[in-house]
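Visitor: turn this into a model:
(one chain, ligands or ions: 1)
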Amino acid sequence: MARGGAPPASPPPPLPPSGPEPLPRRALRKLLLVLGSLLMSLYASYCLAGAAHVLTREPAPIPVAPGEEAAPGTPRNPFWPPQPGGEGDKRLPQAVIIGVKKGGTRALLEFLRVHPDVRAAGAEPHFFDRNYERGLTWYRELMPRTLDGQITMEKTPSYFVTKEAPARISAMSKDTKLIVVVRDPVTRAISDYTQTLSKKPDIPTFESLTFKNRTTGLIDTSWSAIQIGIYAKHLENWLLYFPIGQILFVSGERLISDPAGELGRVQDFLGLKRIITDKHFYFNKTKGFPCLKKAEGSSKPHCLGKTKGRTHPSIDQKVVQRLREFYRPFNMKFYQMTGHDFGWD
Ligand SMILES: Nc1ncnc2c1ncn2[C@@H]1O[C@H](COP(=O)(O)OS(=O)(=O)O)[C@@H](OP(=O)(O)O)[C@H]1O
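Guide: Got it, this is the predicted structure:
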């Protein structure tokens, strides 16, 4: 007999009584089962709804500049939905059209999009002025997918006059190529005013807004329509962060009179093959502007929308003259800084 053998077995616990359980116990078990499966199905539908929300959650709405219109054929939020089956990756822009408001920035971007190696965000992201706190990941999400060798672009004309924009763009990449479409500051101011007038027909006249004191002829430089046109002053901010060679100045006037010529310069600046030529444009007499024979991704002719190329109100010529005098020294300085005479005088 083994040493330390097992102690004598204690009597087994009494078995539960076989046969049907008492009624309240059975009912309780059933109730627990029903409750359990109810909870399980609730949890499953919660998880499915959550996943669907993550999959379809719309990015925060993108503010579109007043008077700004989306690219043709794009929905109200042109960043949404994302392009189905888009190939390539979303990248931060390597080139940005930073200004100027009413310079012809939409025309330039629409024309550039015809190039197979250019992909651009449809609306204005306003990242470096209004949405900077959302972060670069948010910004990148707004960009279209690009393949290797393609250039990602966006345009937001207010960057040019935003104090913080040069440092912020440089922090993203100091190699970012910058494009500024400039236009005679007097016509630009009238264009700016025309846009505001189209939304608020009750605003004072252009003439009265121009002056701090009409008798002395003192110009109100705090009025943004006037302020934006002091290009030399705004450019100084950019030159603290970017060499002049990294900024291309496009003539807003030539973009209308010779779009292919200006697009040639832009393609060279971006290191692109000169694919957009005069064959891509025709002059639309009704619109009074050059239009594309074929828009990007379409076989149809395409002119810019009604908000581009508005009829300006007629302005007192004395006021126009006074404004020309006001801008002259700033224009001269700007020609000197850019090494280019834009011929506004
Ligand atoms: N091809 C073509 N078609 C239509 N319009 C053209 C074109 N090229 C340049 N422009 C000029 O673009 C001006 C509007 O400039 P922006 O697009 O920079 O305006 S905005 O700042 O984005 O609101 C717009 O200004 P307004 O004429 O005052 O409406 C046009 O003169």
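
Visitor: who in the stretch 151-300 of the chain is up against the ligand?
Guide: Proximity of the stretch 151-300 of the chain to the ligand is assessed by C-beta under 6 Å from any ligand atom, with 157, 191, 194, 255-256, 289-290 identified as the residues in range. (Glycine included, C-beta is placed from N, CA and C.)

Visitor: could I get the full set of strands for the stretch 51-200 of the chain?
Guide: Under the criterion DSSP state E, counting those that start in this stretch, strands of the stretch 51-200 of the chain are mapped to 89-90, 95-99, 118-120, 145-146, 151-155, 177-182.

Visitor: which of these has the highest mean neighbour count?
Guide: Among those, judged by mean count of other C-beta atoms under 10 Å, the one packed with the most neighbours on average is strand 95-99 (a mean of 26).

Visitor: ok so, going back, nearest to residue 321 among the residues of the stretch 151-300 of the chain next to the ligand?
Guide: Out of these, the one with the shortest distance to residue 321 is residue 191. That distance is 18.1 Å, counting by C-beta to C-beta.

Visitor: what's the neighbour count on the nearest residue to residue 126 once chain neighbours are set aside?
Guide: Spatial nearest neighbour of residue 126, excluding adjacent residues (C-beta to C-beta, 6 or more residues apart in numbering): residue 156 at 5.3 Å. For residue 156, the count of nearby residues is 26 (other C-beta atoms under 10 Å).

Visitor: gap between the closest residue in space to residue 272 that isn't next to it in sequence and the ligand?
Guide: Taking C-beta to C-beta, 6+ apart as the measure, residue 272 lies nearest to residue 117, with 5.5 Å between them; neighbours along the chain are not counted. Distance from residue 117 to the ligand, counting by C-beta to the nearest ligand atom, to the nearest Å: 22 Å.

Visitor: contacting residues around residue 117?
Guide: Remark: with contacts taken as C-beta atoms under 8 Å, 6 or more residues apart in numbering, residue 117 is in contact with 149-151, 272-273, 275.

Visitor: any chance of the residues you listed in CSV, with pLDDT too?
Guide: Output for the contacts of residue 117, formatted as CSV (pLDDT from 0 to 100):
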residue, pLDDT
149, 96
150, 98
151, 98
272, 98
273, 98
275, 98
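
Visitor: the residue nearest to residue 126 and residue 128 touch, don't they?
Guide: Yes - counting by C-beta atoms under 8 Å, residue 156 touches residue 128, with 7.1 Å between them.

Visitor: that older thread, nearest to residue 133, of the contacts of residue 117?
Guide: residue 151 (26.6 Å).

Visitor: spit out the contact partners of the closest one.
Guide: Neighbouring residues of residue 151 by C-beta under 8 Å, 6+ apart: 93-95, 117-119, 270, 272.

Visitor: before we move on, what about residue 265?
Guide: Residue 265 makes contact with 248, 250, according to C-beta under 8 Å, 6+ apart.

Visitor: same check on the one 3 residues further on?
Guide: Contacts for residue 268 (C-beta under 8 Å, 6+ apart) come out as residue 274.

Visitor: what mean pLDDT would you report for the host helix or strand of it?
Guide: According to DSSP states H and E, residue 268 maps onto helix 259-269. Helix 259-269 shows a mean pLDDT of 98 in the predicted model.

Visitor: got it, and stretch 336-345?
Guide: Rounded mean pLDDT across stretch 336-345 is 97.

Visitor: contacts for that stretch, please.
Guide: Outside stretch 336-345, the residues within contact range by C-beta under 8 Å, 6+ apart are 182, 184-186, 232, 235, 239, 244, 249, 251, 253, 324, 327-328, 331, 334-335.

Visitor: residue 167 touches residue 241, doesn't it?
Guide: Yes - distance between residue 167 and residue 241: 5.9 Å, which falls inside the contact criterion (C-beta under 8 Å).

Visitor: more neighbours, the two?
Guide: residue 241 (17 against 12).

Visitor: can you pull out the helices in this protein?
Guide: If DSSP state H is used as the criterion, the helices of the chain fall at 23-56, 105-112, 136-141, 165-172, 185-199, 206-210, 224-227, 231-239, 252-257, 259-269, 317-338.

Visitor: good, we can wrap up now.
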